[in-house]
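*Asks:* can't give you the sequence, but here's the structure:
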């Protein structure tokens, strides 16, 4: 699968742009211990260590394996967090985090919804997996609000997770 590195997705609340060098420092600064406990990866020690993570995302983008976006507020362009589509060819998996000081403002749901709608249309993906830490009730609400159905349970390296399946079919009309 070919993924472009210049994808931009705009919704009413957020703009998603493929993660780039421009986003590294803001993203690194936003990763707090409280956020990191719900991430599948360990937080990097410094910005240079984080750059290795970002380079892996860029390599995986070129291989068509995953696409990670910086989430920015549409009105102000403020960095809000990351949203990604991982394991695209196997079992498309959505991941999201929003910086703590902007929680409970609807940005997480807006970002996940925009990503799913884009992936359904552009990549013709109809079903998405969304793993959510048991203790992360806000992310569980996102999954449920987007029609997610609990479809299992798994033990991850850092937490126990609920598995949600989100089904999205894009309507295609013929002229």
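*Replies:* Now that the structure is in, tell me what you want to look at. Since the structure is predicted, the reported quantities are computational estimates derived from the model, not experimental observations.
*Asks:* Poorly predicted segments of this structure, please.
*Replies:* For the chain, the stretches with pLDDT under 70 are 1, 169-175.
*Asks:* Three-state assignment for residue 163, please.
*Replies:* Using DSSP: H, G, I helix; E, B strand; the rest coil, the structure places residue 163 in strand.
*Asks:* bridging residues for it?
*Replies:* residue 131, residue 152 (DSSP bridges).
*Asks:* ok, now which ones touch it?
*Replies:* 129-131, 150-154 (CB atoms under 8 Å, 6 or more residues apart in numbering). C-beta here means a position set from N, CA and C on the backbone, and glycine is covered the same way.
*Asks:* Quickly note the distance from the nearest residue to residue 6 once chain neighbours are set aside to residue 106.
*Replies:* Leaving aside its chain neighbours, residue 6 sits nearest to residue 18 (6.7 Å; criterion: CB to CB, 6 or more residues apart in numbering). For residue 18, the distance to residue 106 equals 23 Å [CB to CB, to the nearest Å].
*Asks:* which residues in this protein form helices?
*Replies:* 24-30, 33-36, 47-62, 107-122, 137-145 (DSSP state H).
*Asks:* tell me the most buried of those?
*Replies:* helix 107-122 (a mean of 21; mean count of other CB atoms under 10 Å).
*Asks:* Give me the residues contacting it.
*Replies:* Against helix 107-122 from outside (CB under 8 Å, 6+ apart): 7, 9-14, 16, 69, 71, 73, 80-81, 83-85, 92, 94, 96-98, 125-126, 128, 130, 138-139, 141-142, 145-146, 166, 168-170.
*Asks:* do stretch 53-63 as well
*Replies:* Contacts of stretch 53-63 (CB under 8 Å, 6+ apart): 3, 5, 18-19, 21, 24, 41, 44, 66-68, 84.
*Asks:* So among the residues you listed, which ones count as buried?
*Replies:* 3, 18-19, 24, 44, 66-68, 84 (16 or more other CB atoms under 10 Å).
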